[in-house]
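> sharing a model prediction with you, sequence too.
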Amino acid sequence: MRLLSYGDRALLAELDPATVLPALAALRGLPGVEELVPGARTLLIRLDPARFDRTLATGLLSELVPAPAGSGTGEPISIPVRYDGPDLELVADEAGCSVTAVVQRHTERVYSVAFCGFAPGFAYLTGLDETLWQPRLAEPRFAVPAGSVGIAGEFTGVYPRSSPGGWRLLGRTDAQLWDLGRTPPALLTPGARVRFVP
């Protein structure tokens, strides 16, 4: 773990991916912490320098225990999925298994929202079965339909709106991932737990 200055009102913690969510939980509510922004291997800590105790924060971060897959807060949010994606057979071929096995492996896990980005409401979910870890497509699509459920590397996620993208698509959901009339607008926020249901 490294804690780097990020201007005069923030720090950037470089972490092992499995300790980002524990770091988020450990620092949430700490005096002087104004905002926490998790990434794949980092945690940005926006702070009030007059109230923030760097020594205390460093001590908390040095004692982190890696989070097991599917850890997080609350009951898992269930997302119904129609597993009929255009890359389902490609994923099965690359994984050396059947389409049925891909669906089973994708739905038998509870995932953690590690961080959000790319587009409003897009959550990067960790906990994907390692046999399904596959690279992005060599040529991204110009338009991925909203609600598309995909995998890329160690992550799985849902496209909240139509956008370009290179993730391998397993299926689609009608779940609304981003709604400005909801508080918070994102259905999936860092630390939440998620389960995909066929």
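Yep, it's here.

> what sits closest to the residue located most distally from the centre of the chain if chain neighbours are left out?
Largest separation from the mean C-alpha position in the chain: residue 50, at 31.9 Å (CA atoms, centre = their mean). Nearest non-adjacent residue to residue 50, counting by CB to CB, 6 or more residues apart in numbering: residue 32, 7.3 Å away. For the C-beta atoms, the positions are set from N, CA and C on the backbone; glycine is no exception.

> repeat for residue 186
Nearest non-adjacent residue to residue 186 (CB to CB, 6+ apart): residue 121, at 4.8 Å.

> let me know the pLDDT of the one you found.
Note for residue 121: predicted pLDDT of 93.

> now swap in residue 73 and tell me
pLDDT recorded at residue 73 is 64.

> re the thing from before, could I get the contacting residues of the residue nearest to residue 50?
Residue 32 makes contact with 47-53, according to CB atoms under 8 Å, 6 or more residues apart in numbering.

> could you do residue 104 as well?
Contacts of residue 104 (CB under 8 Å, 6+ apart): none.

> any low-confidence regions in the chain?
Counting by pLDDT under 70, the low-confidence segments of the chain come to 65, 67-73.

> mind giving me the packing neighbours of the longest strand belonging to the chain?
The longest strand of the chain (DSSP state E) is strand 73-80. Packing contacts for strand 73-80, counted by 3 or more CB pairs under 8 Å, 6 or more residues apart in numbering; DSSP states H and E, involve strand 192-197.
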